[in-house]
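>>> sharing a sequence plus its predicted fold:
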Amino acid sequence: MKQRTTHDAVEQDDKQLIESFLSGNESAYSAIYNKYTSPLYAYGIGMGFEEEHIQDAIHDVFYKLYFNRKLLKDVENLKFYLFRMLKNRLLDIYKTQTEFYEIDEYEYSFSIKATMLDDLISEEERKDLQKKVEDLMNCLTDRQSEAVYLRFMQEMEYEDIAILLKMTPHATRKLISRAIRRIREQNLPLYLLFFSLKVF
Amino acid sequence: MQMNYHKYAVSDFLKDDSFILWRLLGEESDYLFWTHFMEEHPEKQDTINEAIRIFKSVHLNDYSLSPEKKEQLWRDLQQSIATTTRDRRRTRYFTLSAIAGVAAMLALAFWLMPDAAVIQSPNTVALVEQSEQPTYNDTDIRLELANKETVVLEQDAVIQYTESSITVTANNQPATSTKIKADHKKKEWNKLTVPKGKRTSLILSDGTKIWVNSGSYLEFPPAFDEDKREIKIEGEIYIEVSRDTNHPFRVYTSDMKINVLGTRFNVSAYEEDAVHQVVLVEGNVEVTPGKREPVRLSPDHMLAISANKIKTSKVDVYSYISWKDGLLQFNSEPLSLVLARISRYYNRTLTYEDNIKDLKCTGKLVLFDDLATVLQTISHTLTVTYEIKENTIHFSNTKNKL
């Protein structure tokens, strides 16, 4: 709900990037790289992968993108598409790092850390705020954290989050609404909960 | 309490859970509450807007690569793209030249001294001009030279291969020698095909020896480049590479590159096998599987790769190279794998019931024995029985028959 307009602008921008890249424009490729390297990296860190593996995976994602650019033709949401490639690649790398013959299930983890620009408020206030935000998020399970992160920080659609989490869109909505309820119940004073109830 | 909000300063809002959740999650109910509050307290609007502005700089998981790393990663990426673009051109070239119909390629690359190679192989040798009809058939070991002549090899002959001639020495017979009209400007390679049921070995002029197992395909250049030795293989070879630090040796398969100085190792990369292996007997090799990072292998270790998986482990090396001595040695291998190797060695189709495929086999099979002896040995040691139907031999659990 926040910044819907900027979101649309970004999408528009991505569509142009894809088009330009598909028509053979190499600078569109480096623009995509510059734009998404850090979000991909942050997503990988959030999932708890090692920095080195994340760098390898980012390399592989962009490598694949370069040689399979046709795949981009029907891509609606470039960010989601890249996030999904990254996650699949990281899980593959994770598997090769573990035992060869048996594929262990990936042990799920997702952590959220808050940061903010440091010259807006005093150091102490900044630290308090960061801690407060993290505390709010820390009551969530790993999957809830990832879903909330994708939904509210990355502004992804439920359908896309569902694919990243290998769940149905319906279950994803439930997961996120449960996550929100959990955060609220653990942190909000009662009268605000009542207020919420009255509204509906 | 709610009343206090009208006394809040910017910093108070930034400490308030409700405010934070509103900004963080943007939920409908929070939105309603806060718009409602601002309507009632228009004098707080500026304060709240300022808090909102500051809160915008809060990010979750706002990690990013350092500019140096990002730049380095970009350079690596460009490098990989350039390499692949080059390799793809080369692959297309090889595909064309091998269009004769050999399935897939395992490429091993050797750098040799640019003069001679000796091929040792079973009994007699026939030199065949391929200009008309090829006279070999699928059961012959054959060497197709770069100039399109084809040499058919049978038992225990030695072929001395040089740039300008090929000399064949069969057992107790005078050598015969033939001139080769070599055209080195064309980058054609020699191609050695060893069908199922046959094996051969090859001595290269630098002293490097290659044993080529059944059902394998090997390519090597008529003359090695000045700075390197390269060969390509599909199937299985055991190789003892002569040490020559000035001419690094490289073996290419469909899915790996093996970098060598002087060493002895086995490569098994049959296209039909799910797992491809490199087993190092001695020395030092560096294996690059596909686009992955190179892996350095130490002696007595095996690198096994399959789709998406790579593993190194310590192994009993002889089990993997015993085939070159006409033995198959197994150490707790599943029956399915044992039968697959016998099948290749004798060129017979072996099938088996699903319930015995994982039976563990340990021991030696002498491959110079005829197939019947080998089959009996297996059925005696394991509780299995077999039936021969035309060209197929079917294994099943003995207990099922009792």
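Nice, thanks for sending it over.
>>> check contacts around B:Ser298.
B:Ser298 makes contacts with B:280, B:284, as judged by CB atoms under 8 Å, 6 or more residues apart in numbering or on different chains. C-beta: built from backbone N, CA, C; applies to glycine.
>>> B:Leu328 should be in a strand, yeah?
Yes - under DSSP: H, G, I helix; E, B strand; the rest coil, B:Leu328 sits within a strand.
>>> can you show me the strands along chain A?
In chain A, the segments counted as strands under DSSP state E are A:114-116.
>>> tell me the domain boundaries of it?
Chain A breaks down by automatic domain parsing into domains covering A:4-97, A:123-199.
>>> what helix or strand is the residue nearest to B:Leu328 when sequence neighbours are not counted located in?
Nearest residue to B:Leu328, sequence neighbours excluded (CB to CB, 6 or more residues apart in numbering or on different chains): B:Leu365, at 4.4 Å. Element membership for B:Leu365, per DSSP states H and E: strand B:360-366.
>>> ok, back up a step: so what's the residue count around the residue nearest to B:Leu328?
Neighbour count for B:Leu365, taken as other CB atoms under 10 Å in any protein chain shown: 23.
>>> likewise for A:Val133?
Using other CB under 10 Å, A:Val133 has 23 other residues around it.
>>> what's the answer for the one 5 residues further on, then?
The local packing count at A:Asn138 equals 13, with neighbours defined by other CB under 10 Å.
>>> check contacts around it.
A:Asn138 makes contact with A:Ile112, according to CB under 8 Å, 6+ apart.
>>> cool, and A:Phe80?
Here A:Phe80 is in contact with A:156-157, A:160, A:163-164 (CB under 8 Å, 6+ apart).
>>> before we move on, the earlier item: test my guess that the residue nearest to B:Leu328 contacts B:Leu327.
Yes - the pair B:Leu365 / B:Leu327 is scored as a contact, 6.8 Å apart, by CB atoms under 8 Å.
>>> okay, helices next: where are they in chain A?
In chain A, helices defined by DSSP state H lie at A:4-22, A:26-46, A:51-67, A:78-97, A:123-137, A:142-148, A:158-164, A:169-187, A:190-199, listed in chain order.
>>> tabulate these (CSV), appending distance to B:Glu240 and mean pLDDT.
Output for the helices of chain A, formatted as CSV (distance: least, CB to CB, whole Å; pLDDT from 0 to 100):
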stretch, distance to B:Glu240, mean pLDDT
helix A:4-22, 49, 70
helix A:26-46, 44, 92
helix A:51-67, 34, 92
helix A:78-97, 30, 88
helix A:123-137, 60, 87
helix A:142-148, 52, 92
helix A:158-164, 51, 94
helix A:169-187, 58, 88
helix A:190-199, 77, 47
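>>> most tightly packed of those helices?
Among these, judged by mean count of other CB atoms under 10 Å in any protein chain shown, the one packed with the most neighbours on average is helix A:142-148 (a mean of 21).
>>> what about the residue nearest to B:Gly235 when sequence neighbours are not counted, how many neighbours?
Using CB to CB, 6+ apart and skipping the chain neighbours, the partner closest in space to B:Gly235 is B:Ser216 (2.6 Å). The number of residues packed around B:Ser216, counting by other CB under 10 Å, is 26.
>>> distance check, B:Ser216 against A:Arg184.
In this view, B:Ser216 and A:Arg184 are 67 Å apart by CB to CB, to the nearest Å.
>>> check A:His59 too.
41 Å.
>>> next one: B:Asn147
From B:Asn147 across to A:Arg184, the span is 81 Å (CB to CB).
>>> in chain B, which residue sits nearest chain A?
Nearest residue of chain B to chain A: B:Lys311, at 3.1 Å (CB to the nearest CB).
>>> who does that residue bridge with?
Going by DSSP bridges, B:Lys311 is paired in beta bridges with B:Ala304.
>>> surely it touches B:Ala304?
Yes - counting by CB under 8 Å, B:Lys311 touches B:Ala304, with 5.2 Å between them.
>>> how about B:Ser242: what's its closest non-neighbour residue?
Excluding its sequence neighbours, the residue lying closest to B:Ser242 (CB to CB, 6+ apart) is B:Gly207, at 3.9 Å.
>>> and what of A:Leu71?
In space, A:Leu71 is closest to A:Leu65, 7.9 Å off (CB to CB, 6+ apart).
>>> which residues touch the residue most central in space within chain B?
For chain B, B:Asp255 is the residue whose C-alpha lies nearest the centre (CA atoms, centre = their mean; 3.7 Å). Contact criterion CB under 8 Å, 6+ apart gives B:269, B:276, B:289-290, B:305 as the residues in contact with B:Asp255.
>>> cool, and B:Trp22?
B:Trp22 neighbours (CB under 8 Å, 6+ apart): B:30-31, B:33-34.
>>> if you set the cut-off to 10 Å instead, what comes out?
Residues near B:Trp22 by CB atoms under 10 Å, 6 or more residues apart in numbering or on different chains: A:2, B:13, B:16, B:29-34, B:52, B:55.
>>> find the residue at the geometric middle of chain A.
Residue closest to the average C-alpha location in chain A (CA atoms, centre = their mean): A:Leu150, at 3.8 Å.
>>> pretty sure it contacts A:Thr172?
Yes - with contact defined as CB atoms under 10 Å, A:Leu150 counts as touching A:Thr172 (9.4 Å).
>>> thinking again about what came up before, report the buried members of the contacts of B:Trp22.
When neighbours are counted using 16 or more other CB atoms under 10 Å in any protein chain shown, these contain these buried positions: B:13, B:16, B:29-30, B:32-34, B:52, B:55.
>>> out of those residues, list just those in helices.
Residues of the buried ones among the contacts of B:Trp22 located in helices (DSSP H): B:13, B:29-30, B:32-34, B:52, B:55.
>>> tell me the domain ranges of chain B?
B:2-55, B:67-97, B:117-317, B:326-401.
>>> how about the residue nearest to B:Thr84 when sequence neighbours are not counted, what does it touch?
Nearest non-adjacent residue to B:Thr84, counting by CB to CB, 6+ apart: A:Phe67, 6.9 Å away. Applying CB under 10 Å, 6+ apart to A:Phe67 gives the contacts B:80-81, B:84-85, B:88.
>>> now A:Ile163
A:Ile163 sits next to A:80, A:83-84, A:87, A:156-157, A:169, A:172 when contact means CB under 10 Å, 6+ apart.
>>> with B:Asn347 instead?
Counting by CB under 10 Å, 6+ apart, B:Asn347 makes contact with B:138-139, B:195-198, B:214-215, B:371, B:391.
>>> same question, A:Ile18
Residues counted as contacts of A:Ile18 (CB under 10 Å, 6+ apart) are A:28, A:32, A:69, A:72-76, A:78, A:81.
>>> I'd say B:Val287 and B:Leu303 touch.
Yes - counting by CB under 10 Å, B:Val287 touches B:Leu303, with 5.4 Å between them.
>>> which residues do these two both contact?
Shared contacts of B:Val287 and B:Leu303, defined by CB under 10 Å, 6+ apart, comprise B:256, B:258, B:265, B:267, B:278, B:280, B:295-297, B:310, B:312.
>>> show me which of those residues is closest to B:Thr385.
Among these, B:Val267 lies closest to B:Thr385 (CB to CB), at 34.7 Å.
>>> quick check, the closest one in a strand?
Yes - secondary structure of B:Val267 (three-state DSSP): part of a strand.
>>> count of neighbours near it?
B:Val267, neighbours per other CB under 10 Å, totals 26.
>>> ok, B:Thr349 next?
13.
>>> please consider this matter closed, and thank you.
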